[in-house]
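Student: take this sequence and fold it.
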Amino acid sequence: MSYLAPGTPENVALAQHVNGRLRAEARISNARAFLFRAIGFGAFMGLAGAGLGAAFYGYATMNEVGNASDTLAKALTQALETTTLKTSGEVRLADNTLKIEGGLPASKGLPDVSSLTGNQGKSEAPANAAVRTSFTVFKTVPFLDGTIVTGWNFKGDEQKPEQQYCYLTRPQTFGDGTTSQQITVAMDGKVLPQPAKSEINFATIARSCIWFDPSKL
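Tutor: Down below sits the predicted model:
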């Protein structure tokens, strides 16, 4: 029940007041909705940025690891290309004697050096340079798990060796493989000094050395 007649100024003012209140509440609701939408959009953008950043970081990390692997591989390749690996070995013959094809001349007891060398080195060597030819004859004797080796170093066509040496070679395990250990025990028929911590007796080994003897050729 209203005490105001329709169309009166008081009724019009009340209606305007109610309409203004409704519009204000509508604007407040719209503002709140916009705020929530803005918060949601901001959270979405933040999460998207974090995900994108993590993706770029992972890609950069993988790329860096790949570059490091390539660099390491190149360094190892260059190191192997410039490294010289050295190894030593031994050839054992059935009669424990190194033989030269064609045999030894009966008169001299030594191989024909001129037939072995031929014209080698003449074209490369200077006109005033002398070509020196040398060779080594090995004699071997089995000893326990190793071999006693005597070497005769001949210079040119001399009848006796310039130098002789005798050493013991034994197999030695190194890591996953097996190598040979070489121990020199005598030089030119003389036994070398016995080391304090040596496991072998030099004098005993030297008895099996085969020194050069022209009478036995």
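
Student: any weak-confidence spans in the protein?
Tutor: Across the chain, the ranges flagged by pLDDT under 70 are 1-7, 10, 62-69, 80-129, 217.

Student: 50 - rerun?
Tutor: Scanning the chain for pLDDT under 50 picks out 1, 91, 104, 107-108.

Student: now the strands for it?
Tutor: 134-143, 146-155, 163-174, 177-187, 190-191 (DSSP state E).

Student: most tightly packed of those?
Tutor: Across these, averaging neighbours per residue (mean count of other Cβ atoms under 10 Å) puts strand 146-155 on top, at a mean of 19. (Each C-beta comes from the backbone N, C-alpha and C, glycine too.)

Student: partner strands of it, with direction?
Tutor: When sheet partners are counted by DSSP bridges, strand 146-155 sits next to strand 134-143 (antiparallel), strand 163-174 (antiparallel).

Student: would you turn the ones you listed into JSON lines with distance to residue 11?
Tutor: Output for the strands paired with strand 146-155, formatted as JSON lines (distance: least, Cβ to Cβ, whole Å):
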{"stretch": "strand 134-143", "distance to residue 11": "134"}
{"stretch": "strand 163-174", "distance to residue 11": "113"}
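
Student: how close does residue 28 get to residue 35?
Tutor: Going from residue 28 to residue 35 by Cβ to Cβ, to the nearest Å gives 10 Å.

Student: same question, residue 46
Tutor: For residue 46 relative to residue 35 (Cβ to Cβ), the value is 16 Å.

Student: which residues in the chain form helices?
Tutor: Using DSSP state H, the helices of the chain run over 9-81, 113-117, 202-206.

Student: any chance of JSON lines for the ones you listed, columns distance to residue 183 and mean neighbour count?
Tutor: Formatted as JSON lines, the helices of the chain follow (distance: least, Cβ to Cβ, whole Å; neighbours: other Cβ atoms under 10 Å):
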{"stretch": "helix 9-81", "distance to residue 183": "31", "mean neighbour count": "10"}
{"stretch": "helix 113-117", "distance to residue 183": "31", "mean neighbour count": "12"}
{"stretch": "helix 202-206", "distance to residue 183": "8", "mean neighbour count": "16"}
